[in-house]
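Student: The sequence and its predicted three-dimensional model are supplied below.
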Amino acid sequence: MKKIFALFMAVVLVGITMTACSTNTKSSTGSTTTSEVTGSITAAGSSALAPLVQVAADNFQQLNPKASVNVSAGGSGTGLTQVANKSIDIGNSDVTAESKLTADQAATLKDHQICAIGVAAVVNSDVTVTNLSKQQLSDIFTGKITNWNQVGGADEAITLISRPESSGTRALFKQYALDNAVESSNTALSSDDSGTLETNIASTKGSIGYLAFSYLVGKYDVKKMSIDGVAPTLENVYNGSYPVWGTEHMYTNGDATGVTKAFLDYMGTDTFQTQMENLGYNVISKMTTAAGKH
Amino acid sequence: MICLIEKLKKEYLGRSIVTLLGIVIILVTLSITGFLFYKGLGTFVTYNHSVWEFLFSSDWKPADNFDGGGKVGAAIFIVGSLLISFLALLIATPFSIASAVFMTEISPILGKKLLQPAIGIFVGIPSVVYGWVGLTVLVPAIAHVFNLPYGFSVLAGGIVLALMIFPTITSVSVDAIENVDNGYKEASYALGTTRWQYIYKVMLPSATSGILTGVILGLARAFGEALAVAMVIGKMQTFPDNILSATNNMTAEIASDMGNSAQGGEFNDALWSMALLLLIISFIFILIMRIIAKKGEEVK
Amino acid sequence: MKSEHKNAIVADKIATVILYCIAGFFLLLLAGFTAYIIVKGIMAYQPGIFSFERTGIGVELFNTVYLVLISLIISVPIGVGAGIYMAEYAKAGKVTNYLRICIETLSSLPSIVIGLFGYLVFIYMTGSKYNLFAGALAVSILSLPLLTTVTEDAIRAVPSIYKEGSLAVGATHWQTIVQICLPVATPRIITGVILAAGRGFGEAAALLYTAGMSSNVNLNIWNPFDPMSLLCPFRPGDTLALHIWALKTESMTPNADQIANFSAAVLLVLIFAFSLGSRLLGARLDRKMSGK
């Protein structure tokens, strides 16, 4: 027991000395914010949104050293349920609260729409096809087309790699790219998360799947597919020509106050919006009327 | 009076404390079981699905909202779980027992110095790392060896799980073997048996019930493991044709959809029913193994 | 008779060779696996990775050790105590048996279920936010079955001669347990603790809904009751395993893979150090208690 305790103390001490050195230099610059934001909040939910919120939280804390924003993933359902339970302050979701929660629960929540996310069909780099029509895409994902030569490619079997049924990315892709055609689940492999799906597409020849734009920034191991001749880019989402995208929702229980409000306000600033686009997210306020509401 | 206080100090105090701790464990177990029953019965009570549909239908399309009306046939997942866990057990058990024998009887020095610490480390490797190594090394290897378009398969799941439960079965088996009365060994050697004869005819039979405990714990871990298996079985919603085809299992399905579905909705409740079923199936297996172990002891 | 004996010797030789092969095979496999992780980790090393900033894994490393220690402080007394109860005081027969089955069944539950149970009880019912302590409690539940079973087996394995001797010289049952059985059983209980700690080190799913996935600490605050302090157990915090999971699955940071690989190697070293440390401690306790 003594030894464990000693070890523990040693770890703590090392921690103290290490950090004492590293932080001193930074705090001397001081903060420039006039009104201090103090307190700690938690945001959880959608895993597609979590990386963006994390970046926002990091920046936000630089500006407001006394505020703390904790970001977790856990899934849209978790985010919605927990914000309705008031366990967390912001519930991130790929879908509206009304679609998953009871009317009573949803009524207490306030939606903050800050960004949108596009979804692209991606293929293994050995696939030569670069464009598919919506019809071809539906036929592929419903299992009617099983070989790339049926859509102008080489003679190679198509391997479908999908996401779990409750995935927000899957819901968007199904609604806007497949026109609600029911994906064939008994011939499709499935990956729990975007990271694994990307690895699987990259390593499985002839495979096709779908990823949010945010996972495609600076990635060259998978190929993006145009739909009806339109490339999956942020611009094409803004001008309404690329149809597969959806609004991301950040819910608060009642009106946002304190740190939560300051944080959501920060996410809406111009400086952060530029950063948002660099990370592969669309800014909601820049959507043209041609794009409509998703 | 003094005697009573003395006795109180020396016996009853400690006794009460450990009894209380025993009760704490019972309470924790009962409350989790109760929680699972409460959550898991929702599918059948709130959303009016039949147990028959849940167990024997393979039509899985639960609605992710509070209206219900989806399909909750979980047969594919149940078959997947059973198949993969037993395959893992089949692969791991012989190796585990052999390693345990090696560590205790053949070369205790090598065993204690090398194998045992190595095993301790392997328990602590996060599932996701096992899964990732499986995904990047094992899955392509299986695709290559069997000339398949992809290597996601029951076999891949079984091998990854076997690797994960190997430490559990081995370390508990080592304990069981070390517990065998040393007198048996001396008596056997005195009778002129070889080492193998002693191991095979005396040691293993007397360690059976301990080894079985290890196997049960291994099976339990295999049953409950989610992340690693989910990464290598392909999660295809279909019954596997053979051990080289992809399928899905209960834990993988629970892990992938639990977080995304809203708590209390039909989808979420159906997943909780699966968790409950997992508990019930493990319970049945453990019961069966206990009966086997008991029979074994009676024969002895 | 003679040939039979010869056969037995041949069988013995063959069995020995096979067992050596199996052990060797596994050692190679384990070594290969370890080497794979460590080498990948070393290749991913970059300066500043141990820093306590967002890009480093310093806080995660601290959280991992901290959370596992808290969970052991909670679960070891309960697990060992309950194990003693099961081995020594519980009336043999149906009840104990039923209990044991319950405990083993409990250990088969996916950790995500324990995590959601933990969320309901430790977060939702108590009205608190994600925190390390809740995570430690969830991990404690995970490791309790193992600790109880191992302790019970270890105490049962103490030769009855020891106990009889102690009781004969007038010690009470409890004194016998504490002074005779526990010391003898200690090395095996420690094996159990190592296994339990290992589960804590590697756990991710149970912590997702209890401890949260991010750590925000202000390293100028050392008051353990301040929620921004590193030492505060009631703050959200992610462990290395959860960090690896997040990096491998959903992260968009370009070097996420590298950090994840490096974290995996660090975790491996951490577990190795822990198991070595507890083994040494166990051996020392053993020497001390047995008076050698």
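Tutor: Thanks, I have the structure now.
Student: Could you list the low-confidence segments of chain B?
Tutor: B:1-2, B:296-300 (pLDDT under 70).
Student: try chain C
Tutor: Within chain C, the segments meeting pLDDT under 70 span C:1-2, C:54, C:92-93, C:252, C:288-292.
Student: Now do the domain split for it, please.
Tutor: Following automatic domain parsing, one gets these domains for chain C: C:1-43, C:49-290.
Student: would you list those domains in CSV and tack on distance to B:Ala187 and mean neighbour count?
Tutor: Backbone N, C-alpha and C define where each C-beta goes, glycine included. What follows is the domains of chain C, written out as CSV (distance: least, CB to CB, whole Å; neighbours: other CB atoms under 10 Å in any protein chain shown):
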stretch, distance to B:Ala187, mean neighbour count
domain C:1-43, 17, 14
domain C:49-290, 17, 21
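Student: Can you tell me which of those domains is nearest to chain A?
Tutor: When these are compared for distance to chain A using CB to the nearest CB, the nearest one is domain C:49-290, at 3.8 Å.
Student: Just checking the distance from that closest one to the centre of its chain.
Tutor: 5 Å (CA atoms, centre = their mean, to the nearest Å).
Student: before we move on, what SS does A:Gln113 have?
Tutor: Under DSSP: H, G, I helix; E, B strand; the rest coil, A:Gln113 falls in the strand class.
Student: what sits against it?
Tutor: Residues counted as contacts of A:Gln113 (CB atoms under 8 Å, 6 or more residues apart in numbering or on different chains) are A:Thr247, A:Glu248, A:His249, A:Met250, A:Ile284.
Student: Same check on A:Phe263?
Tutor: So A:Phe263 contacts A:Ile41, A:Ala43, A:Ala56, A:Ala57, A:Phe60, A:Ala67, A:Val69, A:Ile90 (CB under 8 Å, 6+ apart).
Student: Quick check: the closest residue to B:Ile17 other than its chain neighbours vs C:Ile74, distance?
Tutor: Leaving out its chain neighbours, the residue that sits closest to B:Ile17 by CB to CB, 6 or more residues apart in numbering or on different chains is C:Gly81, at 6.3 Å. Counting by CB to CB, to the nearest Å, the gap from C:Gly81 to C:Ile74 is 12 Å.
Student: Stretch B:271-288 near chain C at all?
Tutor: Yes - contact of stretch B:271-288 with chain C (CB under 8 Å from any CB of the partner chain) involves B:Ala275, B:Leu278, B:Leu279, B:Ser282, B:Phe283, B:Ile286, B:Leu287.
Student: Verify the stated contact: the last one with C:Ile101.
Tutor: To tie it back to what came earlier, the one meant is B:Leu287. Yes - using CB atoms under 8 Å, B:Leu287 is in contact with C:Ile101, at 6.3 Å.
Student: circling back to that earlier point, buried among the residues of stretch B:271-288 next to chain C? Make that a ChimeraX selection.
Tutor: Buried residues among the residues of stretch B:271-288 next to chain C (16 or more other CB atoms under 10 Å in any protein chain shown), as a ChimeraX selection:
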select /B:275,278,279,282,283,286
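Student: So which bits of the stretch 151-292 of chain C are right by chain B?
Tutor: Selection of the stretch 151-292 of chain C residues close to chain B by CB under 8 Å from any CB yields C:153-154, C:157, C:171-175, C:177-178, C:188, C:191, C:194-195, C:197-199, C:201-205, C:208, C:240-241, C:244-245, C:248-249, C:264, C:267-268, C:271-272, C:274-276, C:279.
Student: Go again with 7 Å.
Tutor: C:153, C:157, C:172-175, C:178, C:188, C:191, C:194-195, C:198-199, C:201-202, C:204-205, C:241, C:244-245, C:248, C:264, C:267-268, C:271-272, C:275-276 (CB under 7 Å from any CB of the partner chain).
Student: Within the helices and strands, which one has B:Thr251?
Tutor: Taking DSSP states H and E as the criterion, B:Thr251 maps to helix B:250-257.
Student: Which elements pack onto that helix?
Tutor: Helix B:250-257 makes packing contacts with helix B:75-101, helix B:227-232, helix B:266-299 when contacts are defined by 3 or more CB pairs under 7 Å, 6 or more residues apart in numbering or on different chains; DSSP states H and E.
Student: For A:Ala256, find the nearest of the ones you listed.
Tutor: helix B:266-299 (26.9 Å; CB to CB).
Student: and the angle from the closest one to helix B:250-257?
Tutor: Helix B:266-299 runs at 150 degrees relative to helix B:250-257, counting by axes from the mean of the first three to the mean of the last three CA atoms, to 10 degrees.
Student: just the angle between helix B:266-299 and helix B:75-101, please?
Tutor: Using the same axes, to 10 degrees: helix B:266-299 against helix B:75-101 is 40 degrees.
Student: Helix B:266-299 near chain A at all?
Tutor: Yes - using CB under 7 Å from any CB, helix B:266-299 reaches chain A at B:Phe267, B:Asn268.
Student: neighbouring contacts of stretch A:245-253?
Tutor: A:46, A:49, A:80, A:83-84, A:86, A:89-94, A:96-97, A:108-119, A:172, A:237, A:260, A:264, A:282, A:284, A:294 (CB atoms under 7 Å, 6 or more residues apart in numbering or on different chains).
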